[in-house]
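> Attaching a predicted model along with its sequence, questions to come.
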Amino acid sequence: MTRRAIALRLLEIERDLKKHYAALDIKVIGTWKHRGNVELYFKHLYKMSNYKIGKLTEYFKFKDISSVVKDLEQMRPKKLTDEELAIFQGAAARPILR
């Protein structure tokens, strides 16, 4: 999961994993735009499938990936609220009080 271009993220993954594995076969299983909410959801939902590699904690091991892909496909795009947009655009210089 990344905000960066896939090609850049794949280079980083390859660099990290080459320290632990001699041969690599990295495949992108899907891309979904505007899913900033996916990472925490994914890590929570699939905590039992987390696969630590050395100090790397962002990898998972699944027997069958199809149910995971189905879950990701069903997620709705993240739509930023006006407050989130203001923060993202740097317009919120002070805390928003409710």
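Done, it's in. Residues are numbered from 1 along each chain as shown.

> so who does Lys33 touch?
Lys33 sits next to Pro77 when contact means CB atoms under 8 Å, 6 or more residues apart in numbering. Where C-beta positions appear, they are placed from N, C-alpha and C, glycine not excepted.

> Wait, a helix at it?
No - with DSSP: H, G, I helix; E, B strand; the rest coil as the criterion, Lys33 is assigned coil and is not in a helix.

> Give me the below-cutoff pLDDT ranges for this protein.
Residues of the chain that meet the criterion pLDDT under 70 lie in 91-98.

> which helix is the longest one in it?
helix 6-18 (DSSP state H).

> centre of the chain versus that one, how much separation?
In terms of CA atoms, centre = their mean, to the nearest Å, the centre of helix 6-18 is set 14 Å apart from its chain centre.

> list the buried ones in that helix?
Residues of helix 6-18 classed as buried: Ile13, Asp16, Leu17 (neighbour count, 16 or more other CB atoms under 10 Å).

> Also stretch 69-86?
Under 16+ other CB under 10 Å, the buried positions of stretch 69-86 are Leu72.

> Also stretch 31-51?
Arg35, Phe42.

> First-to-last residue distance for it?
21 Å (CA to CA, to the nearest Å).

> Stretch 19-28 too?
20 Å.

> what does the longest helix of the chain contact?
Here helix 6-18 has contacts from Thr2, Leu24, Ile26, Val28, Thr31, Ile53, Leu56, using CB under 8 Å, 6+ apart.

> residues touching the last one, list them.
Okay, so that is Leu56. For Leu56, the contact set (CB under 8 Å, 6+ apart) comprises Asp16.

> Now do the phi/psi pair for it.
The phi and psi values for Leu56, taken as degrees, to the nearest 10, are phi -80, psi 130.

> I'd like to know how far it sits from Lys70.
Remark: distance between Leu56 and Lys70 (CB to CB, to the nearest Å) = 26 Å.
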